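Engineer: I would like to see how this sequence folds:
(one chain, ligands or ions: 1)
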Amino acid sequence: SADDIRFLLDEAEQWIEFNRRPRKQDGRLVGLTQINAFFENSTRTLVSFELAGKRLGAQVVNFSAATSSVKKGESLKDTALTLNAMRPDVLVIRHDANGAALQVAELMDCPVINAGDGSGEHPTQALLDVLTIRRRFGRIEGLKVAICGDIRHSRVAGSNMRSLPLLGAEVRLIGPPSLLPDLAPDGIGLFEDFDEGIAGADVVMMLRIQHERMEAGLSGTLGDYFGRYGLSRARLDRAAPGAVVMHPGPMNRGVEIDGELADDPERSAILEQVEMGVALRIACLDVVTRPARGG
Ligand code: CP
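Structural biologist: Numbers count the residues shown, from 1 in each chain. Now for the predicted structure:
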């Protein structure tokens, strides 16, 4: 709900200054065990959840499916039951199947945080995006947010198009027809023409093309992608004055975004998103473990 989102954002705000200190240590999760179970590759989400847990004092274990008994054929259910038997206090999971986090949550005795499931949801990414936007503009209500690129396969777009309108933002989705959803939720505009969709936008959120989630051959039909859907300075000039550029990463420079624009701290909030990710994930770990800590 909007109140849940605002609550987590307010909690996260309290950790931003903490993360900028030379020594970052808080003991509230001492004695608790956090398992980060990643069945898909990650840089930002895995490292920030690991840092978040360690900064709160938790014992953090990273489980990578690539080097686990998943490679010997062990199922998601058996993997979850096995990890649960080790009595973790919180599980963070990333998986390539939609609904995997929910499936695992139903098997676990501890809280489960979805760190991205297939093309379904990436809730902590959406929360850190909203936090970044709120810090830049001081509000979410009334802002126009253009999400551009491979919307169809993007869990980041999925979670953002559900959370931003709850807080009063107008969301527009821009991309080639093959990468747009067949239907957008009520109130969300679909644009095949980038210049039309970006006009007057306060936030331009770029997404990478997710070749790994596409049917064979679709990538080959995209032609001059940067020319039609890449974000350049000239294109950004069509957005609102001072519009902020975002990208959840990983970026493909020169494919969906001009590299020099991505590096411009006046216009790009991309590294700020990464920084907010640690604060937001600390807040999530703190909040979900409160019952176990008697809070
Ligand atoms: N934004 C995001 O989820 O990045 P990673 O895949 O590197 O975690």
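
Engineer: Which helix or strand lies directly C-terminal to the lowest-mean-pLDDT helix or strand in the chain?
Structural biologist: Comparing every helix and strand of the chain by mean pLDDT, DSSP states H and E singles out helix 225-229 as the least confident one, with a mean of 92. Beyond helix 225-229 on the C-terminal side, the first helix or strand identified by DSSP states H and E is helix 233-236.

Engineer: how near is the residue most central in space within the chain to the ligand?
Structural biologist: Most central in the chain under CA atoms, centre = their mean is Gln125, positioned 2.1 Å from the mean C-alpha point. Computed with CB to the nearest ligand atom, to the nearest Å, the distance linking Gln125 and the ligand is 5 Å. Quick note: C-beta positions are derived from backbone N, CA and C, even for glycine.

Engineer: now Asn62
Structural biologist: For Asn62 relative to the ligand (CB to the nearest ligand atom), the value is 13 Å.

Engineer: Also Pro176?
Structural biologist: Distance from Pro176 to the ligand, by CB to the nearest ligand atom: 22 Å.

Engineer: start the count at 9, not 1, going forward
Structural biologist: New numbering, starting at 9: the last item is Pro184.

Engineer: Quick check, that residue in contact with Asp232.
Structural biologist: No. Taking CB atoms under 8 Å as the definition, Pro184 is not a contact partner of Asp232, at 11.0 Å.

Engineer: which one of the two has more residues nearby?
Structural biologist: Legend: neighbour count by other CB atoms under 10 Å for Pro184 and Asp232, higher for Pro184 (20 against 8).

Engineer: Report pLDDT for that one.
Structural biologist: The score at Pro184 is 93. That number is its pLDDT.

Engineer: Could you do Gly231 as well?
Structural biologist: The per-residue pLDDT reported for Gly231 equals 66.

Engineer: mind listing what's buried in the least confident helix or strand of the chain?
Structural biologist: Buried residues in helix 233-237, counted by 16 or more other CB atoms under 10 Å: 233, 237.

Engineer: List the contacts of that helix.
Structural biologist: Outside of helix 233-237, the residues that reach it under the criterion CB atoms under 8 Å, 6 or more residues apart in numbering are 156-157, 182-184, 202, 217, 240, 262-264.

Engineer: Show me the strands in the stretch 9-158 of the chain, by range?
Structural biologist: Shown for the stretch 9-158 of the chain, the strands assigned by DSSP state E, counting those that start in this stretch span residues 41-46, 67-72, 98-103, 120-125, 152-156.

Engineer: Dump the second one to PDB, keeping only the CA atoms.
Structural biologist: Translated: strand 67-72. Output in PDB follows, covering the C-alpha atoms of strand 67-72 (Å, rounded to 0.1, in the frame of the first residue of the first chain):
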ATOM      1  CA  GLN A  67      25.800 -13.500   9.900                       C
ATOM      2  CA  VAL A  68      25.400 -13.400   6.100                       C
ATOM      3  CA  VAL A  69      25.600 -16.500   3.900                       C
ATOM      4  CA  ASN A  70      25.500 -16.100   0.100                       C
ATOM      5  CA  PHE A  71      24.100 -19.200  -1.700                       C
ATOM      6  CA  SER A  72      24.800 -19.200  -5.400                       C
END
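
Engineer: I'm done for today, thanks for sticking with me.
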